[in-house]
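Visitor: I would like the atomic coordinates for the input below:
(one chain, ligands or ions: 1)
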Amino acid sequence: MENLDQLRAELMSAVEAAADLDDLERVRVTALGRKGSFTKLMKGLGALDADRRKEAGRALNDLKEDLSRALEARKAALSEAALEARLDQERIDVTLPVRPEAEGCIHPISQTIDEVLEIFGEMGFTVAEGPDIEDDFHNFTALNIPPEHPARQMMDTFYLPERTDGSRMLLRTHTSPVQIHTMMAVKPPLRILVPGRSYRRDSDQTHTPMFHQVEGLVIDETTHMGHLKGCLIAFCRAYFEVDDVPVRFRPSYFPFTEPSAEVDIGCSREGGELKIGAGDDWLEILGCGMVHPRVLANCDIDPTTYQGFAFGLGIERIAMLKHGIPDLRAFFESDLRWLRHYGFAPLDAPSLIAGPGR
Ligand code: PHE
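Guide: Reported below is the predicted structural model:
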């Protein structure tokens, strides 16, 4: 115990002399570790008589406290010095790529809309939009679907609560009402594309109550059925990236077009695997037709001067076909694993990297 002052002086100067955190830890273990010089002294207390034990115990405890404080202080000083040295040396290399885990991806719906807009954009179409909540006039009547028309039952409609005048707003069942908004606001020539949500009371493996469409509308004095076919065939080739993809115009019926057609593309479904552009099967991808004269007249456009075509295609549908996505409902479940699998790297989005005329 006589050497306590000397031990104190030695330990304190060793703490001060520690050059880095590892050094300091070594000092701590030499003193306070299981076999440390200080620990040995503590064990030696048992051999002393009661009075001396008390005195020596207090002195040892004081030393231990002082030593711990000195260790803490030195540790703080060394850590700060280490941090400063690091900050001094480190440079941020702004040329390194972004950390991959911070990168999101583009949802297949957004990607598909981008691709469709880009293809039709090159043909001179511009984007128009309209509200998701519509009135009966724009969604049905102006599109030549009067009350009691069976086509109203074809599209199970979500209605909003009755208003004071007894009428009810609804969630648009297709993007076609934007044809009406546009033709009432702007006079021809017109060449528009309308991407947007549509709603129908339907839910199973191939239907969700909300889905996406892109509507197209061309109105001028000379556009005819040949233009409609040429335009949509060019679209199918560009979108599916198959030059000779078979395209079939099958007679159909929509109240707002006459004549009307549905477009099918050729595919094969051998062994449960879908292949576009080969085989002898057909898959429907869109509805189209020449705009009905009554629809033009409803928008104050003279059908004896103007004519044109319209089409509406389902975004989820063509995305599923192109990328082999089996279940429609997965589009809206926000499952990150699904998004990582079917999503697109940001730089694959065509309209984000290239301007018009790419
Ligand atoms: N609106 C139709 C539908 O949702 C598609 C369509 C649009 C058909 C334009 C002809 C012209 O089924």
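
Visitor: What residue in this structure comes nearest to the ligand?
Guide: G312 (2.8 Å; Cβ to the nearest ligand atom). No exception for glycine: its C-beta is placed from N, CA and C like everyone else's.

Visitor: So that residue, which state does it fall into?
Guide: Secondary structure assignment for G312 (DSSP: H, G, I helix; E, B strand; the rest coil): strand.

Visitor: Can you name the residues bridging to it?
Guide: Taking DSSP bridges as the rule, G312 bridges to E215, G287.

Visitor: Pull the number of nearby residues for it.
Guide: By the criterion of other Cβ atoms under 10 Å, G312 has 22 neighbours.

Visitor: Same check on L171?
Guide: 20.

Visitor: hang on, it packs against D135?
Guide: No: between L171 and D135 there is no contact under Cβ atoms under 8 Å: 11.5 Å.

Visitor: near the ligand, which residues of the stretch 201-350 of the chain show up?
Guide: E215, F254, T257, G287, C288, G289, A310, F311, G312 (Cβ under 6 Å from any ligand atom).

Visitor: Out of those residues, who's the most crowded?
Guide: A310 (26 neighbours).

Visitor: quick one, what contacts the closest residue to it other than its chain neighbours?
Guide: Of all residues beyond its chain neighbours, the one nearest A310 is L217 (4.8 Å), with distances taken as Cβ to Cβ, 6 or more residues apart in numbering. L217 makes contact with Q179, T182, M183, L190, R191, I192, V194, V291, G308, F309, A310, according to Cβ atoms under 8 Å, 6 or more residues apart in numbering.

Visitor: and the host helix or strand of L217, which residues are buried?
Guide: Per DSSP states H and E: L217 is located in strand 210-220. The neighbour-count check on strand 210-220 (16 or more other Cβ atoms under 10 Å) flags F211, H212, Q213, V214, E215, G216, L217, V218, I219 as buried.

Visitor: how near is the last one to Y199?
Guide: According to Cβ to Cβ, to the nearest Å, I219 and Y199 sit 26 Å apart.

Visitor: next one: the third one
Guide: Counting by Cβ to Cβ, the gap between Q213 and Y199 amounts to 11 Å.

Visitor: M42 contacts L60, doesn't it?
Guide: Yes: counting by Cβ under 8 Å, L60 is a contact partner of M42 at 6.1 Å.

Visitor: more crowded one of those two?
Guide: Remark: of M42 and L60, L60 carries more neighbours, 18 against 15, as counted by other Cβ under 10 Å.

Visitor: isn't that one right up against K43?
Guide: No: using Cβ under 8 Å, L60 makes no contact with K43, being 10.7 Å away.

Visitor: intersection of neighbour lists for the two?
Guide: Here L60 and K43 have no joint contacts, going by Cβ under 8 Å, 6+ apart.

Visitor: List the buried residues for the helix ranked longest in the chain?
Guide: When the chain is parsed with DSSP state H, its longest helix is helix 50-89. Buried residues in helix 50-89, defined by neighbour count with 16+ other Cβ under 10 Å: A56, L60, L63, K64, L67, A70, L71, R74, K75, L78.

Visitor: and what of stretch 329-343?
Guide: For stretch 329-343, by 16+ other Cβ under 10 Å, it's A330, F331, W338, L339, Y342, G343.

Visitor: Nearest spatial neighbour of the second one, chain-adjacent residues omitted?
Guide: Residue nearest to F331 in three dimensions, not counting chain neighbours: E316, with 5.7 Å by Cβ to Cβ, 6+ apart.

Visitor: How about the fifth one?
Guide: Leaving aside its chain neighbours, Y342 sits nearest to P108 (5.2 Å; criterion: Cβ to Cβ, 6+ apart).

Visitor: May I ask you to confirm that the one you found is in contact with F332?
Guide: No: contact status for P108 versus F332: not in contact, 11.2 Å apart, counting by Cβ under 8 Å.

Visitor: where does the stretch 51-200 of the chain have low pLDDT?
Guide: The stretch 51-200 of the chain contains residues with pLDDT under 70 at 100-102, 154.

Visitor: which residues in it form helices?
Guide: 108-121, 136-139, 150-154, 177-185 (DSSP state H, counting those that start in this stretch).

Visitor: how's this protein carved up into domains?
Guide: Following automatic domain parsing, the chain resolves into domains at 4-89, 108-342.

Visitor: hey, which of those domains is tucked in deepest?
Guide: domain 108-342 (a mean of 17; mean count of other Cβ atoms under 10 Å).

Visitor: mind checking how far the closest residue to L313 other than its chain neighbours is from S79?
Guide: Leaving aside its sequence neighbours, L313 sits nearest to L286 (Cβ to Cβ, 6+ apart; 3.7 Å). Using Cβ to Cβ, L286 is found at 66 Å from S79.

Visitor: picking up where we left off before, now the angle between strand 210-220 and whatever helix or strand comes next after the strand holding L217, please.
Guide: As assigned by DSSP H and E, the chain's next helix or strand after strand 210-220 is helix 225-240. Going by axes from the mean of the first three to the mean of the last three Cα atoms, to 10 degrees, helix 225-240 is angled at 140 degrees with respect to strand 210-220.

Visitor: Brilliant, that's me finished.
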